[in-house]
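Peer 1: fold the following for me, if possible:
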Amino acid sequence: MSRTITDLEKLQSEHPDLQFELWDGEIIIMSPSDYASDEVGSTLVARLFNWVRPRGLGRVTGSSAGFTMPNGDLVAPDVAFVTAEKLRQSPRSYANLVPDLVVEVKSSTDSVKRQKAKVERFMELGAQVGIMIDPDKHTVTIYRPGAEPIILGDGDTLTIPQLLPGWEIQVTDLWPLVF
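Peer 2: Below is the predicted model of the structure:
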C-alpha cells in the first residue's frame, strides 16, 4: 500500500519523538545519526550558513527541514541549500521544492549504496548539485546533472561555483577534530 504525506503526518503526530521520511510511497523511520556524522553535517551547515546569510544568497538547513518533492516524497536531506530566488521566505510548513544543493552524510549504519541512491534521486528530481560525504573513507562525492561524479579526498578543496561562487572548504576541515 502506497503511503502519503497525510499518513506520515498522522504517524508523526502519534510519535513526535521520531523523525520520518516518505520515499516512493514508503514511510521510513529515520534513526538518530552517530555523533561524528552529525558533527560533519553541522560543520558543513555552519560553514555554508556563514557564507550564504551575509550575502543574501538563500537558505541553508540541516537534517530536520522537510521538503515535499514533485513526486510526493517528503524528505529531509542532512544539509540543504535553496537559492533566494527559489525561496524568498521560509515557510512554516514543509518546503514544496527540490533544494538546489543536497548533502547526505553517511552514518555508521548507512550503506553507501542507499546514500548514493538518495543523492541520485534528488538529482533526478531537479537538484543542481548533490554531495555524498563518507566520513569513514574521508571522501566527498559531488554529483552534477549530466556529469560523472567527482570524488574528493583529504588534501582537496570542495567548491560549488555554480551555486556559491567563491565559497570553499578544505575536505579535511569537514572531519571531527581530535583533541
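Peer 1: need the phi and psi values for Leu97.
Peer 2: phi -170, psi 170 (degrees, to the nearest 10).
Peer 1: so for it, what's the nearest residue that isn't a sequence neighbour?
Peer 2: Nearest non-adjacent residue to Leu97, counting by CB to CB, 6 or more residues apart in numbering: Lys86, 6.1 Å away. Just so you know, the C-beta spots here come from the backbone N, C-alpha and C atoms, and that holds for glycine as well.
Peer 1: any idea how far Thr4 is from Asn71?
Peer 2: 12 Å (CB to CB, to the nearest Å).
Peer 1: straight-line length of stretch 132-152, end to end?
Peer 2: When the termini of stretch 132-152 are compared using CA to CA, to the nearest Å, they are 10 Å apart.
Peer 1: buried residues of that stretch, list them for me.
Peer 2: The neighbour-count check on stretch 132-152 (16 or more other CB atoms under 10 Å) flags 132-135, 139-144, 152 as buried.
Peer 1: can you check stretch 54-64 too?
Peer 2: In stretch 54-64, counting by 16+ other CB under 10 Å, buried: 57-63.
Peer 1: could the residues you listed go into TSV alongside secondary structure?
Peer 2: Below are the buried residues of stretch 54-64 laid out as TSV (DSSP: H, G, I helix; E, B strand; the rest coil):
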residue	secondary structure
Leu57	coil
Gly58	strand
Arg59	strand
Val60	strand
Thr61	strand
Gly62	coil
Ser63	coil
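Peer 1: quick one: mean pLDDT over stretch 167-179.
Peer 2: Stretch 167-179 comes out with an average pLDDT of 97.
Peer 1: what's the answer for stretch 137-155, then?
Peer 2: When pLDDT is averaged over stretch 137-155, the result is 96.
Peer 1: between the buried residues of stretch 132-152, which is nearest Ser37?
Peer 2: Pro135 (5.9 Å; CB to CB).
Peer 1: can you pull the pLDDT of Gln115?
Peer 2: Model confidence at Gln115, given as pLDDT, is 89.
Peer 1: what about it, which SS state?
Peer 2: Secondary structure state of Gln115, per three-state DSSP, is helix.
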